[in-house]
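In: pasting a predicted model and its sequence here:
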Amino acid sequence: GESVGLHLPTLSVQEGDNSIINCAYSNSASDYFIWYKQESGKGPQFIIDIRSNMDKRQGQRVTVLLNKTVKHLSLQIAATQPGDSAVYFCAETTGGTSYGKLTFGQGTILTVHP
Amino acid sequence: KAGVTQTPRYLIKTRGQQVTLSCSPISGHRSVSWYQQTPGQGLQFLFEYFSETQRNKGNFPGRFSGRQFSNSRSEMNVSTLELGDSALYLCASSGTGTYTGELFFGEGSRLTVL
């Protein structure tokens, strides 16, 4: 993940638009990359993951893209809804017996306007 | 199926005191990880326990410790509290010894140190 700070990147979209949230990671040895969503007052919630031997994975309304050449990860949310408003974190892990040890990015605040 | 339960949800301590936080994982889960979340540093890994053994440890001072019991419940302890320990402490559980892609987070224990 990138360096952290007090001011999180923000993304503001209209309901029904597609959203793209980006993340840069740092560890070339990471084998799994995961996206989490955190709503106010709650713990992070798993969205989708991708292994390092893949470059794209799709879920329900979400797609994760991985570019290992430039160490970049993105989360695409289709037809964004107000309920998607939250802070989104990317995370990486080397997996194996270290999968419980996640390194998180700083997060992006997504706001969806009705 | 009950989720991850953390107690207490909120607590206030003064500098120099110690605190113990508790985490009950999802039934059947054997891995418990702890994370500290602050506005300045984001989400940082503290440690992970699997079958009562510490499997991974983050870069925190020795004042931060933890343990896991035979029923997989876990506790973390912070001794000689400092103002900078004010944070949301999150616990996450996962089912097996190998990567399954998803950590289940509790809602956290919010610690304020005065």
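Out: In hand now; what should we look at?
In: show me the contacts for the residue of chain A found nearest chain B.
Out: Proximity of chain A to chain B (Cβ to the nearest Cβ) peaks at residue A:43, 3.1 Å away. In short, each C-beta sits where N, CA and C put it, glycine included. By Cβ atoms under 8 Å, 6 or more residues apart in numbering or on different chains, the contact list for residue A:43 reads B:4, B:90, B:92, B:105, B:106, B:107, B:108.
In: that one belongs to a strand, doesn't it?
Out: No. Residue A:43 is assigned coil when assessed by DSSP: H, G, I helix; E, B strand; the rest coil, not a strand.
In: got the phi and psi for it?
Out: The phi/psi pair for residue A:43 (degrees, to the nearest 10) reads phi -80, psi 160.
In: just residue A:97 next, same as before
Out: Backbone torsions for residue A:97, taken as degrees, to the nearest 10, come to phi -90, psi 10.
In: pLDDT wise, what is it at?
Out: Looking at residue A:97, its pLDDT is 72.
In: residue A:4 too?
Out: pLDDT recorded at residue A:4 is 37.
In: about what we covered before: ok, and the closest non-adjacent residue to the residue of chain A closest to chain B?
Out: Residue nearest to residue A:43 in three dimensions, not counting chain neighbours: residue B:105, with 3.1 Å by Cβ to Cβ, 6 or more residues apart in numbering or on different chains.
In: pretty sure that neighbour contacts residue B:91?
Out: Yes. Taking Cβ atoms under 8 Å as the definition, residue B:105 is a contact partner of residue B:91 at 7.2 Å.
In: who touches both of these two?
Out: Common neighbours of residue B:105 and residue B:91 (criterion: Cβ under 8 Å, 6+ apart): residue B:4.
In: tell me which of the two has more neighbours.
Out: The neighbour comparison of residue B:105 against residue B:91 (other Cβ atoms under 10 Å in any protein chain shown) goes to residue B:91, with 30 against 23.
In: ok, that one to residue A:55 distance?
Out: 33 Å (Cβ to Cβ, to the nearest Å).
In: kindly state the beta-bridge partners for residue A:90.
Out: Per DSSP bridges, the residues bridged to residue A:90 are residue A:35.
In: related to what we said a few turns ago, okay, the contacts of residue A:43 in TSV with secondary structure, pLDDT and distance to residue B:66 next?
Out: Output for the contacts of residue A:43, formatted as TSV (DSSP: H, G, I helix; E, B strand; the rest coil; pLDDT from 0 to 100; distance: Cβ to Cβ, whole Å):
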residue	secondary structure	pLDDT	distance to residue B:66
B:4	coil	97	15
B:90	strand	98	13
B:92	strand	96	13
B:105	strand	97	16
B:106	coil	97	14
B:107	coil	97	19
B:108	coil	97	15
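In: biggest separation within these, which pair?
Out: B:92 and B:107 (11.3 Å; Cβ to Cβ).
In: so these two - more neighbours on which side?
Out: residue B:92 (27 against 16).
In: now the more buried one. Nearest residue, chain neighbours left out?
Out: residue B:103 (3.9 Å).
In: all strands of the chain, in order?
Out: Looking at chain A here, since you left the chain open. A:10-14, A:19-24, A:32-38, A:45-51, A:56-58, A:62-67, A:72-77, A:86-93, A:103-104, A:108-113 (DSSP state E).
In: chain B was what I was after
Out: B:5-7, B:10-13, B:19-24, B:31-38, B:42-50, B:53-57, B:64-68, B:74-78, B:87-94, B:104-105, B:109-113.
In: looking at the ones you listed, spot the one closest to residue A:9.
Out: Checking the strands of chain B against residue A:9 by Cβ to Cβ gives strand B:42-50 as the closest, at 12.3 Å.
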